[in-house]
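> Could you look at this predicted model? Sequence included:
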Amino acid sequence: MFNRNVFRTTWIPNYSPRAAFKLQNHMDPKLFTPRCIQAAEPHRSQTIHPALHSPLREGSLCQRTERQEVEKPLGRQPTIEKFLRHHAGAPILISGTTAFESYNNVLQGADNVWAPFVSRIDYEVAKWAKLCGSGSTTFSELLAVEGLHDALGLSYQNTRELNQIIDRHLPCRRPRFKHEEIIVADEAFDCIKALYSDPEFLQHLNYAPERHYVDADKTIRMYHDIHTGKWWSSTQKELEAKKPGATVIPIILSSDKTQVTMFRNKSTYPVYMTIGNIPKEISWILLAYLPTSKLDHITNKATRCRTTTNLFHACLRHILEPLKVPGEDGVAMASEDGVVRRGHPIVACYSADYPEQLLTTGIKSGECPKCDVPHEELGSPDVPVQLRDLKAIIAALSLVDEDYDLWRRACQECGIKPVFKPFWLDLPHTNIFQSITPDVLHQLYQGIVKHLIDGTEHNQICRFLLGIVIGIQLPGNLNNARLTHAVRAILDFLYLAQYPCHTEQTLALLDDALTRFHNNKDIFLDLGIRSNFNLPEASWLPSLCTYDQNYTKHLHINLTKDAYRATNHKDEYSQMMLWLERQEKILWHNNFVRWRLVGDLAPQEKSPPDMDYFGPHCAGVQAPHFSQAALARYVVGRNHPGLSVAQLEREAAHIILPFDTVATFHRIKFNTINAHWDPGLESQVRVIFMLTNQASNVLFHAGPAKPPTHLAYVEWFTPFQQPELHHGLYKVGRLIHHGECLASVIDISDIRRSVHLIPNFGAVAPREWMSSTVLECCSTFFLNSFSDRHAYLTIV
């Protein structure tokens, strides 16, 4: 029922009935449905005043322009204030040897740029086989084709010989995996050094905390990566007080058990890691595979759960053991440029879903893993919250070696499970209850939203949820406005929380959305959807989703599932480790070869996370006929841009088109899109077509500007007015003139983006409305600002 892709522009539409005009298209008409797209300002424009008022807060005079002004600075270059103590992050030694130079010294046959391969073709084929190939057996069969090996001049005849070259002659930059009795893992400290010294990250490294401001007067702070927040600054002060010159290396961990087979319930338990000195979206690496044994031999369920928890902490304690001394005393850390600093690796964040947060912190199910709010008060906005008392919890857990019964009672009094020596117990400067971060997918979508809505794919449901509840009749004559306000508030919070950077003003918008939700949430109690809001996820609502599992979900494919598929599924972990090691060697060697060929890359200016998003695809539409007069008016308007509407109409009547068919297209693709634009018009694309070079030369005047190559025939919707009172969405409808839809031909480059129109269903949706006919049958629509994050950011 929801048709996407609406066109937006500030342009005078061409007033014309649709005249017959044949099209040439070899595609099946069944593939096409009417679409709408949204565009930028074309050649002719008129002023259309933006809607100024928005009910972001019930009963207030808050304007929509307020949110625009608040969000406008997010994409700007910030004003940066360095950490006051100049010793923070200072070098202690400059060795002068870069990481690539050290690699070159180890590599045999370094005089050959492609070493250890004999030629460029030899190297490129090896890189393709390991990074893009279809499997070791297939590659061996390919090289077995008679004459292929000799024709390419390869130094290997099959996959086995290629693997021997990689294993024996390519140095291993990242630490090798080790298979131990209870764990398959790298040493955490070696992984940290590998990330810290990677040449790709040199220009992104941050060595000290900074304060970022959106204004030159330094009154409004901006928060994005961890070095702009308060944790690094406070930790830096603690270290500087003991010994000046520390470089904090924030460790960010994430764990998430995942299925690797469709059947037999085979799973792996990867742990990923990155460091806060580089932007969070740049690089994560696999730190370990944890055991996935279900311990079925332990028949008592409570004992099995305790053993599983203790096994989890024993494994992570073993992995993170090397961080204890360096975290407190520091250790020499060399970046790619050879500069050595005193690094302090400290666990700063742990990203996981709710069950793993409980497993990590030792908190009981149904309670908040961070704060001390009682379970029955989790949904209350008025209860004061504080982080759990770390000192008291550590004191209770430390009693395990002294008195078992006293240890259990002390843990119960502190509100945690009696876990045997959690991995975070002895980590310096680490507060696990502060380190746990909210997760968009599990805490918000599958946490809050799933308790309000039945169904799956809650992320997709949220895109059109508001359009469904608008105007719906509620049982017992309950007020629909309360439901609409509550849904709008929770959606505002969901989308605002996912901004890649925030200011103190956008944080105020989050608070406002949370307040509106609490003011209207009782409607779900009245409807019987909920009996209470004592949800563990509800305590997360005031939090930001800075480090969530959206950054690590895609790693399951590259570092877990693909690795598993490359094995014979017997003793898979050793094969997965070897497969990943070879991949990393090839990737590192590829960077080395590029460095040998082009040298060091020029440093780039650092900037906050980009607030622009990639726009969706826009599908073109076949139409059997469209207005010949509309194309004629476009030609005249292009050749004579200064004509009035009446003059344009007269001149267009004399245009003779030298063809009767055009080639049409099925799809166009948008790239990056600027953030905000001025409100204008929307239109439905009926057809996207192209004129031949011969036709363009006849129709358009010669000049410095090239004639357009691709055009679109569109039908217009009404311009924006004020948004609706309760839900804040804009209402649009067909723009009609003398009983016909107003139509125009526009340059395809004027299209800005696609948008989602939600039909105005009213109390009851007509049965004759179908997805293929609703754009024709429905008279009014709501412009959906929740179709994606870019739409929410731009349609204000």
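Thanks, I have the structure now. Numbering: from 1, shown residues only.
> What average pLDDT does stretch 305-321 get?
Stretch 305-321 shows a mean pLDDT of 92.
> In PDB, please show the C-alpha coordinates belonging to it.
Output in PDB follows, covering the C-alpha atoms of stretch 305-321 (Å, rounded to 0.1, in the frame of the first residue of the first chain):
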ATOM      1  CA  CYS A 305      24.000 -21.500  33.700                       C
ATOM      2  CA  ARG A 306      26.600 -20.700  36.300                       C
ATOM      3  CA  THR A 307      29.200 -22.700  34.500                       C
ATOM      4  CA  THR A 308      28.500 -21.100  31.200                       C
ATOM      5  CA  THR A 309      28.800 -17.600  32.800                       C
ATOM      6  CA  ASN A 310      32.100 -18.600  34.500                       C
ATOM      7  CA  LEU A 311      33.500 -20.000  31.300                       C
ATOM      8  CA  PHE A 312      32.700 -16.800  29.400                       C
ATOM      9  CA  HIS A 313      34.500 -14.700  32.000                       C
ATOM     10  CA  ALA A 314      37.400 -17.100  32.200                       C
ATOM     11  CA  CYS A 315      38.000 -16.900  28.500                       C
ATOM     12  CA  LEU A 316      37.800 -13.100  28.400                       C
ATOM     13  CA  ARG A 317      40.000 -12.800  31.500                       C
ATOM     14  CA  HIS A 318      42.600 -14.900  29.700                       C
ATOM     15  CA  ILE A 319      42.400 -12.700  26.600                       C
ATOM     16  CA  LEU A 320      42.500  -9.400  28.400                       C
ATOM     17  CA  GLU A 321      45.100 -10.400  31.100                       C
END
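> how far does that stretch sit from the chain's center?
With C-alpha atoms, centre = their mean, to the nearest Å as the basis, stretch 305-321 stands 30 Å off its chain's centre.
> Mind listing what's buried along that stretch?
For stretch 305-321, the neighbour count (16 or more other C-beta atoms under 10 Å) marks 306, 308-320 as buried. C-beta: built from backbone N, CA, C; applies to glycine.
> Nearest to residue 736 among these?
Nearest to residue 736 out of these is residue 312 (C-beta to C-beta; 64.8 Å).
> What distance do you get for the closest one to residue 255?
When distances are taken as C-beta to C-beta, to the nearest Å, residue 312 and residue 255 turn out to be 9 Å apart.
> Between the two, which contacts overlap?
Counting by C-beta atoms under 8 Å, 6 or more residues apart in numbering, the contacts common to residue 312 and residue 255 are residue 290.
> Among the buried residues of stretch 305-321, which ones are in helices?
Secondary structure assignment by DSSP state H places 306, 308-320 of those in helices.
> Tell me the one of those nearest residue 408?
Residue 408 lies nearest to residue 306 out of those, by C-beta to C-beta, at 11.2 Å.
> Look up how far residue 225 lies from the closest one.
The value you get for residue 306 to residue 225, if C-beta to C-beta is used, is 38 Å.
> now the helices: where do they sit in the stretch 551-700 of the chain?
Assigned by DSSP state H, counting those that start in this stretch, the stretch 551-700 of the chain shows helices spanning 555-556, 562-565, 572-598, 628-639, 645-652, 693-699.
> Could you dump these into JSON lines and include mean pLDDT, mean neighbour count and distance to residue 758?
Shown next, in JSON lines, are those (pLDDT from 0 to 100; neighbours: other C-beta atoms under 10 Å; distance: least, C-beta to C-beta, whole Å):
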{"stretch": "helix 555-556", "mean pLDDT": "84", "mean neighbour count": "19", "distance to residue 758": "33"}
{"stretch": "helix 562-565", "mean pLDDT": "88", "mean neighbour count": "18", "distance to residue 758": "39"}
{"stretch": "helix 572-598", "mean pLDDT": "87", "mean neighbour count": "17", "distance to residue 758": "45"}
{"stretch": "helix 628-639", "mean pLDDT": "88", "mean neighbour count": "22", "distance to residue 758": "28"}
{"stretch": "helix 645-652", "mean pLDDT": "88", "mean neighbour count": "15", "distance to residue 758": "33"}
{"stretch": "helix 693-699", "mean pLDDT": "87", "mean neighbour count": "14", "distance to residue 758": "38"}
